[in-house]
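Enquirer: Provided below for reference: sequence and predicted model.
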Amino acid sequence: MYFRGMTAQDRGQHSLSLMTGPAMEVIVNNEQSSQTWTLSKSLLLFHAGFFRRANAFKEAQGGQEDKVSINGFTPKVFALFVSYMLYGLYHHQRSAGRPARVMLDAQAWALADYLDAPEFKNYAMRELYETFCPWGGLYPLSTLKPQLIMFVCDNTPQHSPLWKFILNVAVMHWHDQKVVEYGPQNQDLWNTIWAEHEDFRNALLFTTNQDHTARSSIIGVLGDYLERLPEGDNSGQ
């Protein structure tokens, strides 16, 4: 069972139904920060294969302690996942600019990929798609910074849906510096991308040589970048 097809009220009621029972301690940390959550075990098992597998391993080993660690992600990004589990959505701080929100959406996608949380992953992708491909063919709502490309190349599988989407956005808007931030102020970072991520560099160079008509239609529909949800119950119960 997934959130898809549920109304906001149904999502809320369903989340409440998962809030009973034992809790699981989740420690999220990276080099800069660490935070511990105590969350409903049923809620975690429902939303992410990572927690279902951790729970199955613990039970197979006869363990008693419900505690897991997630390394390499910021507590701020994990908080987006907690919000999604509870409400079926997450909000960015109003003070955050568009590029910062885009980075958080990409980080949320990477976390979802790590957690095996396909609905959360698709939600993050929708946020990214609506930013760079607004409804009605409007201009992108954010710039595409090399920092975002570097993060995607460093932290997501090559040719993953997120990798392909960011590549396609770069190709489509490569000659528009109001969208793609390419200039002397960040040349060192672009040089690092070229040197460390040859697949992205080569794909970008190959496709930017296409004519304008081909480049302007390179971004697919949203469904091209979403993960197909498996059928059946994912509650782990």
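Expert: Thanks, I have it. Numbers count the residues shown, from 1 in each chain.
Enquirer: Could you pull up phi and psi at residue 38?
Expert: phi -110, psi 110 (degrees, to the nearest 10).
Enquirer: ok, now how distant is it from residue 169?
Expert: Computed as Cβ to Cβ, to the nearest Å, the residue 38 to residue 169 distance reads 39 Å. From N, CA and C alone the C-beta is placed, and that goes for glycine too.
Enquirer: Look at these two and report which has more neighbours.
Expert: Per other Cβ atoms under 10 Å, whichever of residue 38 and residue 169 has more neighbours is residue 169, with 24 against 11.
Enquirer: what about the strands in the protein?
Expert: Remark: strands assigned in the chain by DSSP state E are 23-29, 34-40, 67-71.
Enquirer: Make TSV out of these and add mean pLDDT and distance to residue 191.
Expert: Output for the strands of the chain, formatted as TSV (pLDDT from 0 to 100; distance: least, Cβ to Cβ, whole Å):
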stretch	mean pLDDT	distance to residue 191
strand 23-29	95	31
strand 34-40	95	33
strand 67-71	95	29
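Enquirer: Highest mean neighbour count across the ones you listed, which stretch is it?
Expert: Most buried of the strands of the chain by mean neighbour count (mean count of other Cβ atoms under 10 Å) is strand 23-29; its value is a mean of 18.
Enquirer: tilt between that one and strand 67-71?
Expert: Put simply, strand 23-29 runs at 20 degrees to strand 67-71, going by axes from the mean of the first three to the mean of the last three Cα atoms, to 10 degrees.
Enquirer: For strand 23-29, which strands pair with it and how are they oriented?
Expert: Strand 23-29 has the following sheet partners, assigned by DSSP bridges: strand 34-40 (antiparallel), strand 67-71 (parallel).
Enquirer: Which positions within the top helix by length along the chain qualify as buried?
Expert: The residue-count maximum for a helix in the chain (DSSP state H) belongs to helix 98-115. In terms of neighbour count (16 or more other Cβ atoms under 10 Å), helix 98-115 has its buried residues at 99, 101-115.
Enquirer: can you give me the offset of it from its chain's centre?
Expert: How far helix 98-115 lies from its chain's middle: 4 Å, per Cα atoms, centre = their mean, to the nearest Å.
Enquirer: Using CSV, list the CA coordinates for it.
Expert: Extracted in CSV, the C-alpha atoms of helix 98-115 (Å, rounded to 0.1, in the frame of the first residue of the first chain):
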residue,chain,number,x,y,z
ARG,A,98,15.4,28.7,-4.9
PRO,A,99,18.9,27.2,-5.5
ALA,A,100,19.1,26.1,-1.9
ARG,A,101,15.7,24.5,-2.1
VAL,A,102,16.8,22.7,-5.3
MET,A,103,19.8,21.4,-3.5
LEU,A,104,17.7,20.1,-0.7
ASP,A,105,15.3,18.4,-3.2
ALA,A,106,18.3,16.7,-4.8
GLN,A,107,19.6,15.6,-1.4
ALA,A,108,16.1,14.3,-0.5
TRP,A,109,16.1,12.2,-3.7
ALA,A,110,19.6,10.8,-2.8
LEU,A,111,18.4,10.0,0.7
ALA,A,112,15.3,8.3,-0.7
ASP,A,113,17.4,6.2,-3.0
TYR,A,114,19.6,5.1,0.0
LEU,A,115,16.5,4.4,2.1
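Enquirer: now, which of the buried residues of helix 98-115 sits nearest residue 131?
Expert: residue 102 (5.8 Å; Cβ to Cβ).
Enquirer: how about the nearest residue to the closest one, chain neighbours excluded?
Expert: Distance criterion Cβ to Cβ, 6 or more residues apart in numbering; nearest residue to residue 102, sequence neighbours excluded, is residue 142 at 5.0 Å.
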